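[1] Sequence and predicted structure, then a few things I'm wondering about:
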Amino acid sequence: MNLFVSFMRTVVPIVAGLLLTLLVHIGVTFDSSSVAGVVTAVLTGAYYTVFRLLEALAAKIHNRPLATVAGILLGWATPPDYPGPATAGTA
């Protein structure tokens, strides 16, 4: 389950970056595919950063609805939960 959550939280921002790039592309002509690639990467990074920071802020101020919305916009309502390292007493 954690692998799926991690996957969704990676893919949804990529798709969002692509969609944002397509919206920008409607009004702007790009002469180079590498410029379009850079714009896609920047928009994807910005999208992820904004909603991840919003999710972290919501957790800090204990605003569960805001954290849920930010998480959904990242692809999954909650961050993935990775188990900690096993202690010496557990096998």
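    Sure thing, it's come through. Residues are numbered from 1 along each chain as shown.
[2] And the longest helix that the chain contains, what does it pack against?
    The longest helix of the chain (DSSP state H) is helix 33-60. With contacts taken as 3 or more C-beta pairs under 8 Å, 6 or more residues apart in numbering; DSSP states H and E, helix 33-60 sits against helix 2-27, helix 64-73. In short, each C-beta sits where N, CA and C put it, glycine included.
[3] which parts of the shortest one are buried?
    Judged by neighbour count (16 or more other C-beta atoms under 10 Å), helix 64-73 contains these buried residues: A67, V69, A70, G71, L73.
[4] With the first one instead?
    For helix 2-27, burial by neighbour count (16+ other C-beta under 10 Å) applies to V5, R9, V12, P13, A16, G17, L20, T21.
[5] ok, those residues vs V42, which is closest?
    Taking C-beta to C-beta as the measure, V42 lies nearest G17 of these, at 8.2 Å.
[6] returning to that earlier point: redo the buried residues of helix 64-73 as a markdown table? Include distance to A86 and pLDDT.
    Output for the buried residues of helix 64-73, formatted as a markdown table (distance: C-beta to C-beta, whole Å; pLDDT from 0 to 100):
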| residue | distance to A86 | pLDDT |
| --- | --- | --- |
| A67 | 29 | 92 |
| V69 | 35 | 93 |
| A70 | 31 | 92 |
| G71 | 28 | 91 |
| L73 | 34 | 91 |
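[7] and stretch 9-20, how far out from the chain's middle?
    Relative to its parent chain, stretch 9-20 has a centroid offset of 7 Å by C-alpha atoms, centre = their mean, to the nearest Å.
[8] Now tell me what touches that stretch from outside.
    With C-beta atoms under 8 Å, 6 or more residues apart in numbering as the test, stretch 9-20 has contacts from 40-41, 43-45, 47-48, 51, 73-76, 79-80.
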